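Novice: Let me see the structure of the following:
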Amino acid sequence: MIYTVTLNPALDRAIVVERLLAEDTTRVLSETLYAAGKGIGVSRVIRELAGHSVVLGLVGGYDGLQLEGLLINTGVMSSLTRISGETRTNIILKEQTTGQQFVISAAGPDVTATDIGRFYQHVLQIHDMGYLVMSGSLPRGVTPNLYGQLIIAGRKKGAFVMLDADGKALKESIEYQPTCIKPNRFELSRLVGRELESESEIITACEEIHQRGIPCLLVSRGKDGLILSAREEKIKAVAPPVEVDSTVGAGDSAVAGFVLAHSQGKDLSECVRLACAAGTATAQTPGTELCHRADVEKILPLVQISKL
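Specialist: Here you go, the predicted model:
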């Protein structure tokens, strides 16, 4: 089974207005509520692509119950740990006339040591873990050490451990050697301490990370596609040009496509193909909306795969 971890989940309230009016009433044209957080996004896409996963994470209060209910209502399985703090709500505001989007991201609750311990013990009790996907920011009170402990726990269970993080969380957590990391070009640049522009520079940086015990990197590059660097091969996937509405969630969709295909026993080229198609399909959707299966299936055969 695929398990996804979201330590700082959120309710995303996506609001569309015609135009923001200063010192006047702005009327809402539409409003949608989503269960959000990077790991949750991965699980939602896996479900959309007819796969199955279980969401793990920390939720609290009325908003936490609402988030759990949204997951249940969309067929996404969850096994969440209750905490005393209130789950955060983010506001995504889009102007219809200009196309501009404003994201107001809440910090999230303070998490206690007891909350962390209860969550970790819950993970240790899982017996069918084939994949462990850890994504996103850490809430207040949680350090990257928890990612490290989860990587160790996943490896002991024989799971394929995927990490999608940035900054200090990524830099410290890779010392515990997850199976695969999913940086974008800028995150990989920060990890190796220099700007990466060309494909050859990215490949060289990936080789440095392989030397640190990481078998696989999935590097996203926006419209330039994905590069998968494994010790045995390097693969590039590029999707056809599409009209981009919002790139929010495209990286999570790529992770979902890759992990789902890998769990189905497909070769690395097909894993990267589905990752690229899912990420591209999500870029076509508005706000924080994720990909639709029909769009993914339409893009999939058009993705160009090449060996580097």
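Novice: for the residue nearest the centre of the chain, phi and psi?
Specialist: Centroid-nearest residue in the chain: Asp252, 3.0 Å away (criterion: C-alpha atoms, centre = their mean). The phi and psi values for Asp252, taken as degrees, to the nearest 10, are phi -60, psi -40.
Novice: Next SSE downstream of the helix or strand of the chain with the lowest mean pLDDT?
Specialist: Lowest on mean pLDDT, DSSP states H and E among the helices and strands of the chain sits strand 101-104, with a mean of 87. Toward the C-terminus, strand 101-104 is succeeded by helix 113-124 as the next helix or strand (DSSP states H and E).
Novice: residues of that next one that come out buried?
Specialist: 115-116, 119, 123 (16 or more other C-beta atoms under 10 Å). Every residue, glycine included, has its C-beta placed from N, CA and C.
Novice: Not counting sequence-adjacent ones, nearest residue to Gln177?
Specialist: Gly213 (4.1 Å; C-beta to C-beta, 6 or more residues apart in numbering).
Novice: same deal with Val5?
Specialist: Distance criterion C-beta to C-beta, 6+ apart; nearest residue to Val5, sequence neighbours excluded, is Met134 at 4.5 Å.
Novice: need the contact list for the one you found.
Specialist: Met134 is in contact with 4-5, 39, 147, 150-151, 161-165, 178, counting by C-beta atoms under 8 Å, 6 or more residues apart in numbering.
Novice: Is it part of a helix or strand, or is it coil?
Specialist: strand (DSSP: H, G, I helix; E, B strand; the rest coil).
Novice: Next, find the distance separating it from Leu274.
Specialist: 20 Å (C-beta to C-beta, to the nearest Å).
Novice: Closest to Gly51 out of the buried residues of helix 113-124?
Specialist: Proximity of those to Gly51 (C-beta to C-beta) peaks at Val123, which lies at 20.6 Å.
Novice: Report the separation between the closest one and Ala153.
Specialist: Taken as C-beta to C-beta, the span from Val123 to Ala153 is 6 Å.
Novice: go on, His52?
Specialist: Separation of His52 from Ala153 (C-beta to C-beta) stands at 21 Å.
Novice: higher neighbour count, the two?
Specialist: Ala153 (17 against 14; other C-beta atoms under 10 Å).
Novice: Give me the local confidence score for the more buried one.
Specialist: Listed pLDDT for Ala153 reads 97.
Novice: In contact with it, which residues are there?
Specialist: Ala153 neighbours (C-beta under 8 Å, 6+ apart): 120, 123-124, 132.
Novice: Swap in 6 Å and give it another go.
Specialist: Counting by C-beta atoms under 6 Å, 6 or more residues apart in numbering, Ala153 touches Val123.
Novice: Checking it next. Helix, strand or coil?
Specialist: Applying three-state DSSP: Ala153 is helix.
Novice: if you skip the residues just before and after it, what's nearest to Glu172?
Specialist: Pro144 (4.3 Å).
Novice: how far away is the one you found from Leu65?
Specialist: Taking C-beta to C-beta, one finds Pro144 at 28 Å from Leu65.
Novice: can you give me the strands for the stretch 201-308 of the chain?
Specialist: 216-220, 226-230, 234-238, 304-307 (DSSP state E, counting those that start in this stretch).
Novice: in the last one, what's buried?
Specialist: Burial within strand 304-307, assessed by neighbour count using 16+ other C-beta under 10 Å, is assigned to Ile305.
Novice: what does stretch 250-266 give?
Specialist: Buried-residue list, stretch 250-266, by 16+ other C-beta under 10 Å: 250-263.
Novice: Repeat that for stretch 80-100.
Specialist: For stretch 80-100, using 16+ other C-beta under 10 Å, the buried residues are 80-81, 83, 85, 87-90, 92-94.
Novice: you'd agree Asp164 is up against Val133?
Specialist: No - counting by C-beta atoms under 6 Å, Asp164 stays clear of Val133, with 7.4 Å between them.
Novice: Now the two most distant members of the buried residues of stretch 80-100.
Specialist: Farthest pair in the buried residues of stretch 80-100 (C-beta to C-beta) is Thr81 and Lys94. Separation: 32.7 Å.
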